[in-house]
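> Could you work out the structure for the sequence below:
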Amino acid sequence: MDRATHPWLFASLRGFRGAWLGPDLIAGMLLAAIAIPEQLATARLAGMPPETGLVTFAAGALGFAVFGVNRFLSAGADSTIAPIFASGLAAIALASGVPYASLAGLLALLVGAVLIGVALLRADWIADLLSVPVITGFLAGIAVHIAVGQLPSVLGVPEIKGSLPDRLLPLLHAVPEANVCAVAIGLFVLATMQLGERFAPRWPVPLLALAIASAGVTLFGLQRHGVRVIGALSTALPTPGLPLAGLPDLLPVLPLALIVALVCIMQSAAVLRAFPSEPDRPAPVSRDFAGIGAGCVLAGLLGGFAVNASPPRTAVVAQSGGRSQLAALVALALTVGLALWGGALLATVPLAALGGVLLAIAARICRVGDMVRILRRGGTEIWLVAASALLVVALPIEAGMIGAIVLSLLHSVAMVARPRCAVLARAPGTTVWWPPERGETGEHEPGVLVFSPAAPLNFTNADFVVARLTQAVEAASPPVRLAVIEASGMAEIDYTGSLTLQRAIRALRGQGIMVALARLSSERAQAQAARTGLLETVGRGHVFRSAEDAVQSFQHGAAGPGG
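Coordinates of the predicted model:
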């Protein structure tokens, strides 16, 4: 996007009209009411004081409003990335002696730098590195981490340290010692948020739930019964500055920053595509990464932590009638006001209530509906969901994330390396050659084999494709006299793939079998086939625009014109 289309500053306010003011004010107030409880809870999930969640939300909202383009996106502390970096930073802090908060700020700066770099390079293709099944499994694993991490708060028992598998048995032993009041508060907030999302999505249900829980603590003196509360929040204004960490501290944080940035890219791209500012135009996804990156940088400078796009909060803005990032700025102002002058109101919020908020978020990001659809329609890809979830649950979370990325890439490579190779038949009464469905036979010409590999031909799959072609020729009856390679699926042909196919063509001709190439429709593949010598090996007179043309030419005993 050029500057004339989208100015670099406050692009989401371009074309602002007075009629937008009312809807934006309403959307901003609702956004604040929903965001504040989530930001307080997510800060605890990130291992930071609750007030830093409010600082992070303010930084994310301001950074995106200034540098982003999308009119609806809400940026701030996010429960997806918080558990990813919390455990990793804790280990780095323990090993290096650098304060955890400084490392969190450094991580935010690095994540922001990566996102801004991706925006400048327009590398939004990175968002497509993970498949839907892998993302679904990854989020399910994150949901398990969130739930297990919040159970001590909801049960009212001391926090349990260690990896997720190491915490499970102590948690089970702690259940008989659970504080009944804390459990009741956590379940109340969880149930209220679940019901609110389903029946009253435009109501500030999370804030109401926290207010009721806080009032209950005060009215019934539940602190005397062991219910722990947040306590008074710091009302001091954050002082901008670089995190107190040196270059040696940067190196161990950098890999974690790349992982967090990748998750931010994927989630932000999904949000931007789901809620485009202008549905009839392509979303400038890369440009909006700069807005998220700016929010991360600002959060790091103000003592917060990395921000991300929020799917549910963005949906709230869009569905409540918000028209621009003014809604986010209104929510920012309300959040800052609460942090400065209303901190005492939050002092009696029970930790069990924040745990209930996070349990509701965990339930939200564990996409059971997506899992069911993948099970029904995705075939064996449901195993990708299970494997991704298991990696994230069983391994340290950042290692599990890397494993999920590798799994997604391996799955992608496997689909190209082992493509479907079909023997085509003519659809009855037509000239179209198509893979016959189960139970159908289609029309076949005696002595003719039409073979179609459904993938680019390259070094990963050439031997496999040639082996399938050879098997099809050997299994054909009567014996094959013409083999037509229907190449519409070959969007690309690399040098190795071309050489392998050329050897196979010469071997078939040595057996007295004529070989033709049909529907090589990709211009790129045509150029590669010419450059690597494939067209020369096939013979220009044996290249056709369709499989039917090749068959008809063979039947008439002549090679037709090349296509």
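> Tell me which helix or strand in the protein has the weakest average pLDDT.
Counting by mean pLDDT, DSSP states H and E, the chain has its least confident helix or strand at helix 343-346, which shows a mean of 77.
> List the buried residues of that helix.
Residues 343, 346 are the ones in helix 343-346 that count as buried (16 or more other C-beta atoms under 10 Å). (C-beta placed from N, C-alpha, C; glycine too.)
> ok, then the element right after that helix?
helix 351-365 (DSSP states H and E).
> just how off-centre is that following helix within its chain?
Helix 351-365 sits 21 Å away from the centroid of its parent chain (C-alpha atoms, centre = their mean, to the nearest Å).
> Mind giving me the packing neighbours of the least confident helix or strand of the chain?
The helices and strands touching helix 343-346, judged by 3 or more C-beta pairs under 8 Å, 6 or more residues apart in numbering; DSSP states H and E, number zero.
> and the residue nearest to residue 298 when sequence neighbours are not counted, what is it in contact with?
Take residue 298 and drop its neighbours on the chain: the residue closest to it by C-beta to C-beta, 6 or more residues apart in numbering is residue 59, 4.0 Å away. By C-beta atoms under 8 Å, 6 or more residues apart in numbering, the residues touching residue 59 are 295, 298-299, 302, 304, 307.
> Also residue 399?
Here residue 399 is in contact with residue 391 (C-beta under 8 Å, 6+ apart).
> Relative to residue 477, how far out is it?
53 Å (C-beta to C-beta, to the nearest Å).
> what does residue 444 give?
Residue 444 is 10 Å from residue 477, by C-beta to C-beta.
> Comparing the two, which residue is more hemmed in?
residue 444 (16 against 8; other C-beta atoms under 10 Å).
> Need phi/psi at that one.
With angles defined as degrees, to the nearest 10, residue 444 sits at phi -120, psi 140.
> Same question for residue 48.
Dihedral pair for residue 48: phi -120, psi 160, per degrees, to the nearest 10.
> hang on, it packs against residue 103?
No - using C-beta atoms under 8 Å as the test, residue 48 is too far from residue 103 to be in contact (10.9 Å).
> pLDDT on the helix ranked longest in the chain, on average?
Criterion DSSP state H: the longest helix present in the chain is helix 247-274. The predicted model gives helix 247-274 an average pLDDT of 88.
> Can you tell me what sits against the least confident helix or strand of the chain?
Contacts of helix 343-346 (C-beta under 8 Å, 6+ apart): 40, 50-51, 214, 230, 232-235, 338.
> Could you give me the ChimeraX syntax to select whichever of those are buried?
Only the buried members of the contacts of helix 343-346 end up in this ChimeraX selection, burial being decided by 16+ other C-beta under 10 Å:
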select :40,50,51,214,230,233,338
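> returning to that earlier point: which one of the contacts of residue 59 sits closest to residue 390?
residue 307 (28.7 Å; C-beta to C-beta).
> Now the closest one. Nearest residue, chain neighbours left out?
Using C-beta to C-beta, 6+ apart, the closest residue to residue 307 is residue 60 (3.5 Å).
> Could you say which helix or strand holds that neighbour?
helix 50-67.
> Convert the C-alpha atoms of that helix to CSV, please.
Extracted in CSV, the C-alpha atoms of helix 50-67 (Å, rounded to 0.1, in the frame of the first residue of the first chain):
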residue,chain,number,x,y,z
PRO,A,50,-1.5,-6.9,37.2
GLU,A,51,-1.1,-3.1,36.5
THR,A,52,1.4,-3.9,33.7
GLY,A,53,-1.5,-5.5,31.8
LEU,A,54,-3.2,-2.2,31.7
VAL,A,55,0.0,-0.5,30.6
THR,A,56,0.5,-3.1,27.9
PHE,A,57,-3.1,-2.6,26.6
ALA,A,58,-2.7,1.1,26.5
ALA,A,59,0.6,0.7,24.6
GLY,A,60,-0.9,-1.7,22.1
ALA,A,61,-4.0,0.4,21.5
LEU,A,62,-1.9,3.6,21.0
GLY,A,63,0.7,1.9,18.8
PHE,A,64,-1.8,0.3,16.5
ALA,A,65,-4.1,3.4,16.4
VAL,A,66,-1.1,5.5,15.2
PHE,A,67,0.6,3.1,12.8
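> contact partners of the next helix or strand after it?
Toward the C-terminus, helix 50-67 is succeeded by strand 75-76 as the next helix or strand (DSSP H and E). Residues from elsewhere that reach strand 75-76, judged by C-beta under 8 Å, 6+ apart: 35, 39, 56-57, 60-61, 63-64, 68, 291-292, 295, 307-310, 313, 328.
> List the contacts of the nearest residue to residue 231 once chain neighbours are set aside.
Once flanking residues are discounted, residue 231 sits nearest to residue 347: 5.7 Å by C-beta to C-beta, 6+ apart. Neighbouring residues of residue 347 by C-beta under 8 Å, 6+ apart: 229-233.
> and the gap between residue 77 and residue 361?
Taking C-beta to C-beta, one finds residue 77 at 11 Å from residue 361.
> Kindly report the same for residue 340.
Taking C-beta to C-beta, one finds residue 340 at 26 Å from residue 361.
> Between these two, which is the more surrounded one?
A direct count of neighbours by other C-beta under 10 Å for residue 340 and residue 361 places residue 361 higher, at 26 against 13.
> check contacts around residue 185.
Residue 185 neighbours (C-beta under 8 Å, 6+ apart): 154, 213, 216-217, 222, 227, 350, 352-353, 356.
> go with 7 Å
213, 227, 350, 352-353, 356 (C-beta atoms under 7 Å, 6 or more residues apart in numbering).
> before we move on, what SS does it have?
The three-state assignment at residue 185 reads helix, by DSSP: H, G, I helix; E, B strand; the rest coil.
> Spatially nearest residue to it, not counting backbone neighbours?
residue 352 (4.2 Å).
> per-residue confidence for that neighbour?
For residue 352, the predicted pLDDT is 94.
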